[in-house]
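# Prediction below, plus the sequence it came from.
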Amino acid sequence: MAIKVANAPVNFGIYRVNGAPLGPDALLYALADAGYDGVDSGPIGYLGTGGTLVERLARTGMVLAGGWIDLRYEDADEFAAGLGGLDAALTVFASVPVDDPRFAPRPTLACPDHPARFADGVAPGLPGEEWAGFAGRVQEAADRCRDRGLEPVFHPHLGTLVETPEEVERLLDLTDVSLCLDTGHLWLAGGDPVTAARRWRDRIRQVHLKDASREIHDRIRGEGGDLEAVVAGGAFTPLGAGEVNLRAVLRELDGYEGWLVVEQDAPAYGQDLERVLDDQRANRAWLRAHGV
């Protein structure tokens with residue numbers, strides 16, 4: 001494996017540029033001190049743009065691993081309306097100097113939340129006749145990234161239109177987009193990250209390493225909780241504290257070259273930042289103890 005390890009603002013409950021509980025300089029210095037090589041962008045603009053971003057990364061010794069960009073692929077008009085946001089994010093990513101293309105920032109394409117969607121066996125997914133248009137727009141977004149010299153990945157995510165293993169498989173069949181394997185979200189959506197790492201190894205270009213608890217997820221869902229409640233309830237745990245067989249995932253990733261982004265999704269409000277920092281230090285230590 002040729003891997004660099006990144007962390008992410010989502011671990012600190014940072015989902016918006018304004019009102020973040022921790023400033024970008026403090027975040028980057030803390031992560032560098034904990035031994036991380038890089039960072040996900042978080043909301044575009046949180047870390048800065050242009051020269052501000054480049055200077056901030058250089059000063060803190062961090063590298064940009066990529067960042068989340070969601071688009072309404074199921075709706076042609078809304079998709080078209082969102083392309084300006086995609087282009088703006090690509091401009092941010094393309095402004096960052098890259099020494100090794102294996103560790104260039106990955107535009108992380110995804111769907112926004114679809115509240116009706118949860119992997120409970122009965123929630124509605126994308127109708128079969130809409131898959132061709134959906135996948136065609138994903139392909140268009142991926143090609144748009146490549147036109148800017150950036151290789152994108154698609155991120156399946158709980159509570160969106162691509163969350164289950166079957167939906168991931170269908171998207172991979174209909175496009176040539178690379179995959180972001182998110183071990184925690186796939187686990188909570190009923191998948192097996194170990195099988196996924198083996199089955200999709202040739203398409204994986206980024207890994208979001210998460211641990212997670214189906215027991216917590218299922219209990220909160222059974223009480224009527226939504227995705228926000230699942231996150232706030234602690235369904236995403238420190239590495240090694242959940243149910244995902246992360247050791248086996250790492251074994252399956254033998255030969256993988258690229259970013260491994262440590263994530264532990266956190267609620268947007270009420271975070272104990274010192275506890276979050278302790279968790280992220282412990283997550284990095286867990287990886288070191290397992291050879292990463």
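Cool, got the structure.

# Can you check the pLDDT for the residue of the chain most remote from its centre?
If you look at how far each residue of the chain sits from its centre, by CA atoms, centre = their mean, the farthest one is Glu129, at 27.8 Å. At Glu129, the pLDDT value in this model is 96.

# By residue count, tell me the biggest strand in this structure.
For the chain, the strand with the greatest residue count under DSSP state E is strand 63-70.

# returning to that earlier point: tell me the SS of the residue farthest from the centre of the chain?
Recorded secondary structure, Glu129: helix (DSSP: H, G, I helix; E, B strand; the rest coil).

# So what's the residue count around the closest residue to Pro107 other than its chain neighbours?
Once flanking residues are discounted, Pro107 sits nearest to Pro152: 4.2 Å by CB to CB, 6 or more residues apart in numbering. To be clear about C-beta, it is placed using only N, CA and C from the backbone, and glycine gets the same treatment. By other CB atoms under 10 Å, 27 other residues sit near Pro152.

# Test my guess that Pro152 contacts Ala141.
Yes: between Pro152 and Ala141 there is a contact under CB atoms under 8 Å: 7.2 Å.

# which residues are common contacts for these two?
In terms of CB atoms under 8 Å, 6 or more residues apart in numbering, Pro152 and Ala141 are both contacted by the residues Leu109.

# How much space separates the residue nearest to Pro107 from Asp143?
9 Å (CB to CB, to the nearest Å).

# Give me the packing partners of the longest helix along the chain, helices and strands only.
Longest helix of the chain, by residue count under DSSP state H: helix 76-94. With contacts defined as 3 or more CB pairs under 8 Å, 6 or more residues apart in numbering; DSSP states H and E, the packing partners of helix 76-94 are strand 63-70, strand 106-110, helix 131-147.

# So which of the ones you listed is nearest Glu78?
Checking those against Glu78 by CB to CB gives helix 131-147 as the closest, at 9.9 Å.
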